[in-house]
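Student: sequence first, then the predicted structure:
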Amino acid sequence: MTEPVNVLCLKWGKRYPADYVNILHRSVRRHLKRPFRFHCCTDDASGLDPEIEVINFPENPGLGYWPHILVKLMVTKNGFGGLVGPTLFLDLDVAIMCDLDPFFDFEPGKNCIIHNWVNWRKSLLGTRPHVGNSSAFRFEAGPQSDYIYQTFIREMSRAEDTSIFNTEQAFLTYAMKEVAWWPDAWVRSYKWHCRSIFPLNLIITPKEPQNCKILIFHGRPDPDEALQGYKGKTPRHTMRAAPWLATHWKL
């Protein structure tokens with residue numbers, strides 16, 4: 001029998017309700033053919049599907065405030081939640097579009113992450129930073145990934161310093177040392193790849209990305225807001241409703 005792989009998410013605070021975890025869990029169940037265990041590290045497990053394996057939210061390792069987005073680094077600690085083997089971390093604000101098995105077949109044993117998006121000017125000039133987007137990354141849980149956690153503990157003050165690492169995903173990519181980028185088409189950004197440029201965004205429905213497996217909703221809108229349409233702080237950030245999303249983001 002093939003050992004089950006792990007899918008892991010984090011939930012704390014009040015921004016995302018239990019339904020976000022349940023939608024993610026059921027989406028994984030629809031789109032992952034191999035055996036898997038679904039884990040949620042959380043400070044409040046109420047309302048979660050009974051099949052979800054709960055990992056207690058860790059204690060503050062010494063950061064200036066807590067909870068902190070840098071908790072993502074702690075999942076790489078040897079022994080974290082009893083996890084061992086290939087582990088796909090997913091943020092809650094994602095939509096699973098199709099087959100997830102390739103995320104476990106791709107570059108086995110390596111740290112895999114999407115190369116974070118930048119504006120077209122940086123892409124054309126070849127100045128795209130060596131930074132991943134931590135909404136979807138895979139690592140080998142257990143002893144093999146502990147060096148990432150140890151780097152975090154050893155350099156915690158640098159990890160917190162936004163003048164050095166302006167995001168947690170920048171430090172994560174740095175601590176991983178070597179990464180394999182997911183193929184670009186596999187992971188797409190709702191804001192970068194679905195929204196039309198201003199002012200077309202005011203009249204054109206966001207388009208469904210082709211060949212996308214995981215759609216990322218970093219910042220705003222969240223998936224529930226995208227379904228209904230999103231009135232941004234400015235017309236440039238406003239987006240019409242995307243009814244096609246209901247096919248993918250649902251209980």
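Tutor: Sure thing, it's come through.
Student: tally of neighbours for residue 99?
Tutor: By other C-beta atoms under 10 Å, the residues close to residue 99 number 13. The C-beta positions use only the backbone N, C-alpha and C, and glycine is treated the same way.
Student: now do residue 98
Tutor: 13.
Student: quick check: it vs residue 235, distance?
Tutor: Separation of residue 98 from residue 235 (C-beta to C-beta, to the nearest Å): 33 Å.
Student: kindly report the same for residue 52.
Tutor: Relative to residue 235, residue 52 is positioned 40 Å away (C-beta to C-beta).
Student: who's more crowded, the two?
Tutor: It is residue 52, of residue 52 and residue 235, that has more neighbours when counted by other C-beta under 10 Å, with 20 against 11.
Student: dump the residue contacts of the more buried one.
Tutor: Applying C-beta atoms under 8 Å, 6 or more residues apart in numbering to residue 52 gives the contacts 21, 22, 25, 38, 39, 40, 45.
Student: name the nearest of those relative to residue 220.
Tutor: Set against residue 220, the nearest of the contacts of residue 52 by C-beta to C-beta is residue 21 (19.5 Å).
Student: quick check, the closest one in a helix?
Tutor: Yes: the assignment for residue 21 (DSSP: H, G, I helix; E, B strand; the rest coil) places it in a helix.
Student: can you report how many residues neighbour it?
Tutor: By the measure other C-beta under 10 Å, the count of residues near residue 21 is 23.
Student: same deal with residue 155?
Tutor: By other C-beta under 10 Å, the residues close to residue 155 number 16.
Student: could you do residue 117 as well?
Tutor: Residue 117 has 20 neighbours, counted by other C-beta under 10 Å.
Student: next up, the contacts around the nearest residue to residue 213 once chain neighbours are set aside.
Tutor: Of all residues not flanking residue 213 in the chain, residue 186 sits nearest, at 4.7 Å (C-beta to C-beta, 6 or more residues apart in numbering). For residue 186, the contacting residues are 102, 103, 114, 211, 212, 213, 214, by C-beta under 8 Å, 6+ apart.
Student: 7 Å - rerun?
Tutor: Counting by C-beta atoms under 7 Å, 6 or more residues apart in numbering, residue 186 touches 212, 213, 214.
Student: for the first one, which three-state class applies?
Tutor: When classified by three-state DSSP, residue 212 comes out as coil.
Student: okay then, goodbye and thanks.
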